[in-house]
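Q: Predicted model and sequence below, questions to follow.
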Amino acid sequence: ESLRRINLDFHLTDHDMDCAVCDADGACELQDLSYHYEIGATKNRTIPTELAPGSRNRDTSSPVLNFNSALCIKCERCVRACDEIQGKQVLSMMHRGRFTFVSPEFMQWSRSSCDGCGECVQLCPTGALTEKALVERVRAKDIQRHVQTTCGYCGVGCQLDVHVKNDRIVRIRGVETPPNDGRLCVKGRFGYDFIHSPERLDTALIRRNGELVPASLSEAFDLIATRFKEIRSAAGPDAIAGLASAKCSNEENYLFQKFMRAGIGTNNVDHCARLCHAPTVAGLGAAFGSGAMTNTIPEIAEADCILITGANVTETHPVTATYIRDAHRRGADIIVIDPRRIDIVRDATLWLRQRSGTDVAWINGLLNVIITEGLADQSFIENRTDGFAEFQAVVAGYTPDRVEEITGIAAEDLRRAARMYAGAERAAIVYAMGITQHTTGTDNVLSLANLAMLTGQIGRRGTGVNPLRGQNNVQGACDMGSLPNVYAGYRKVTDATVREEIAAAWGVDFLPAEVGLSVVEMMHAAADGQVRGMYVMGENPLLSDPDITHVEEALANLEFLVVQDIFLSQTATYADVVLPAAAFAEKEGTFTNSGRSVQLLREAVPPPGDARPDWELIGELSRRFGLPGRYTDAAQIMDEVATVTPSYAGISHARLETEELHWPVPNADHPGTPVLHTTKFTRGAGLFHPVDYIPPAELPSSEYPFVLSTGRMLYHYHTGTMTRRSSALNRFAPDAYAEIHPDDIARLEGRVGGDLRVTTRRGEITVPARASDRVAPGTVFIPFHYCESAANRLTNAALDPVSKIPELKVAACQVTPALTPERPRSGRGVPDCATPPVQHRAAAPAGDHT
Ligand code: SF4
């Protein structure tokens, strides 16, 4: 105790004691300890405060945090947090002795590579590092409530401690529990302003005389019921289609598909998993019997080798990336196979750059080397799998030299990667949409499943095949049956016994037996006039779907469109009725993360005006279609889910209050299943699939010589409806860009930062050029979040025949410097990109459905 007191006294010599003006405002571990050891008053101190020269620096240049060195006690927690928890190494201690101070690279936050994750702020014990938004808006002592809930952005599902004052969120911190163990990324920690945006929808809107005008919820429900029933009488239930949402809760997705199937009478229900991980559901389902991540997210830190392909993991799943870096610090080999030199490459033992769309070829090449060099796990193959002989015959043709010709990966590098992966004690595969968004997406996933089975790298901790799901609840939305071919728990709509069981549980006489339309098929059917009415919950196909010129035509051709959302999205501007929904922090329910962990959502703040949780809005519509059942809360819906979904049978909100549960949870006493396929695969034996390489649907030509790829970035999420209304995120990333190799810019005589015109067979956009050797010469990468340079105006809607995912990762394009005067940059927020809708195909009076 005596030594602690002395050490504390030393710390205080570096610390400006004026607590009255401290940004921590009493939320200070140093202050608490000073009182505890009774050296809070200067007269009790043995060593006088003597701030080193230059200690009164304030750095307010970061978009998210302020640094006040006068309050820093040089404990180095921030440096350790940045280095050892987030793996970013932005901060370090400078100089010696009394003159030591904390500094970001280049001595200034705004000039450093700090990406704003805020881990340093969370761990700073004094007011030296503070959240900018908190200091500007509220004092820490004014915080009235803390609510634990689940992040509404990516599929990691980080647990958030939401601080609330006067029904407004004023700060978010990470909770020290799985899956994030206190860690957050910049979106989860600082991207919450959108919740209190003045642009939130707080009333229903109905189109009258061509304009969307406010209406009561009950008027809106009446109109929706009337119009959908009219369309159903005139053209049958399959003339209506619905898009559920990976942003909404399990309970909401469950009710949505139930409404479409039992209320409307169609299986035309799908959601944006079709655009991200439909091949995972199909491929892993066929190989293993379960189309989900085989292991949990934190377990990745236990791997000895991690093969990352098609996953820009530090930007798209930042907290998952911290576990990969944990493994790297332990000495694990990281193999990155990606056409772009993404950020995680700096931690890689081996980076192989393949030509876009050649994934089956390089995976078959790895399999070929593993078999040829005797590295396969024979005992696993014999005891746990089927189909090896047919598979081996196909793989034999993919020698490293042939693979080098197809993929551009040097034969020797391929051999090194094969030995590294197969030779590891525990090797994990991590992949995302770089693997799935291809016309061969299902083949790519089947090939990765082959790789794990050939080497026995599955069914144990720290191994497995780990698809990183894009949106917060894309796993749950699939689990809940928001798909055209299955009910909740992936039970087939074509199975008469299952149909009967579900109909009995729902109290209805009839359920449709034919598989419905998928996302892209719905848009084709709307353009053709076969689908006449559509219900869109929380999706924005006018920015997220491929070939959006075609989507515009399709939506304009509908007779009746309902959009339920938190903002007037681009898609909502085409709607006849808009229903105002609650955001993730305004409702109860559950999300299921990438690692199959079902986690609670809790209401931190109330929704604005007439906005309601989606489950309440769907429940009201369901009643108008005569569906039995009235739900008073989300927990009651989960209880119903448990009765019809074997993998969720033991899950309830009450259990989730105290337990971490990974499905399958077959009964109320079951502890959940963090690792799948431990002693046998879900389907019994794992099934090898012989898969041959097929080139992408569209290859470069003399007219379209570049390869276009699209994807995500750290600061924005999906179609930007939320992140582009968050000021900190917009300060980091206000404008769209096209990454293009510097040699290509020079060849085109374009300007870095000047606009490029990018053209494909489907359309053209102008977008600022960002010179970067992250991309290979001859390729262009454009993030799809920005409506003013909408990448999906260019993408190809060609589908994978099995999973029906479009080929968003490869399109042939032409790139020229834009000769038009430079466009004004958007600067901040969501620019008004929506094209006014053309008149809907009118069954009701044109432009007025009332
Ligand atoms: Fe949210 Fe994903 Fe960031 Fe975690 S990693 S805070 S879930 S966006």
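A: Cool, the structure landed.
Q: ok, the residue lying closest to residue 762 once chain neighbours are set aside - contacts?
A: In this structure, residue 762 finds its nearest non-sequential neighbour in residue 547, 4.9 Å apart by Cβ to Cβ, 6 or more residues apart in numbering. C-beta coordinates here come from the backbone N, C-alpha and C atoms, glycine included. Shown in contact with residue 547 (Cβ atoms under 8 Å, 6 or more residues apart in numbering): 762, 763, 792, 793, 795, 796, 797.
Q: confidence score at the fourth one?
A: I take that to be residue 793. Confidence at residue 793, expressed as pLDDT, is 93.
Q: From residue 541, how far off is the closest residue to it other than its chain neighbours?
A: Leaving aside its chain neighbours, residue 793 sits nearest to residue 763 (4.1 Å; criterion: Cβ to Cβ, 6+ apart). According to Cβ to Cβ, to the nearest Å, residue 763 and residue 541 sit 15 Å apart.
Q: More neighbours: which of those two?
A: Between residue 763 and residue 541, counted using other Cβ atoms under 10 Å, residue 541 has the larger neighbour count: 27 against 16.
Q: Which strand or helix spans the closest residue to that one other than its chain neighbours?
A: Leaving aside its chain neighbours, residue 541 sits nearest to residue 551 (5.3 Å; criterion: Cβ to Cβ, 6+ apart). Assigned by DSSP states H and E, residue 551 falls within helix 548-556.
Q: quick one on the thing from earlier: residues touching the residue nearest to residue 793, list them.
A: Here residue 763 is in contact with 547, 548, 549, 793, 794 (Cβ under 8 Å, 6+ apart).
Q: thinking again about what came up before, top of the contacts of residue 547 by number of neighbours, please.
A: For those, neighbours tallied by other Cβ under 10 Å; top is residue 795, 29 neighbours.
Q: contacting residues for the residue in the stretch 401-550 of the chain that the ligand sits nearest to?
A: Nearest to the ligand in the stretch 401-550 of the chain, going by Cβ to the nearest ligand atom, is residue 472, at a distance of 6.7 Å. Remark: with contacts taken as Cβ under 8 Å, 6+ apart, residue 472 is in contact with 150, 151, 152, 153, 154, 155, 157, 246, 247, 584, 591, 593.
Q: How about the residues of this structure by the ligand?
A: 151, 153-154, 156-158, 180, 184-185, 187-188, 317-319 (Cβ under 6 Å from any ligand atom).
Q: Most neighbours among those, please name it.
A: So for the residues of the chain next to the ligand (other Cβ under 10 Å), the most neighbours sit at residue 185, 32 neighbours.
Q: right, and that one touches residue 88 too?
A: No. Applying Cβ atoms under 8 Å, one finds residue 185 not in contact with residue 88, separated by 11.0 Å.
Q: per-residue confidence averaged over the top helix by length along the chain?
A: When the chain is parsed with DSSP state H, its longest helix is helix 217-235. The average of the pLDDT scores along helix 217-235 is 97.
Q: so after it, what's the next helix or strand?
A: Past helix 217-235, the next helix or strand by DSSP H and E is strand 240-243.
Q: Can you name the next helix or strand after that following strand?
A: According to DSSP H and E, the helix or strand after strand 240-243 is helix 250-258.
Q: who's in contact with residue 193?
A: So residue 193 contacts 133, 725, 726, 727, 728 (Cβ under 8 Å, 6+ apart).
Q: I misspoke; the intended subject was residue 295.
A: Contacts of residue 295 by Cβ under 8 Å, 6+ apart are 428, 461, 462, 463, 464, 466, 595, 674, 675, 676.
Q: which stretches of this protein have low pLDDT?
A: Scanning the chain for pLDDT under 70 picks out 17-21, 51-56, 135-137, 820-850.
Q: For the ligand, give me its nearest residue in it.
A: Across the chain, the shortest distance to the ligand (Cβ to the nearest ligand atom) belongs to residue 188, at 2.1 Å.
Q: For the nearest residue to residue 572 once chain neighbours are set aside, what is the enclosing helix or strand?
A: Of all residues not flanking residue 572 in the chain, residue 563 sits nearest, at 4.1 Å (Cβ to Cβ, 6+ apart). Taking DSSP H and E as the definition, residue 563 sits inside strand 560-565.
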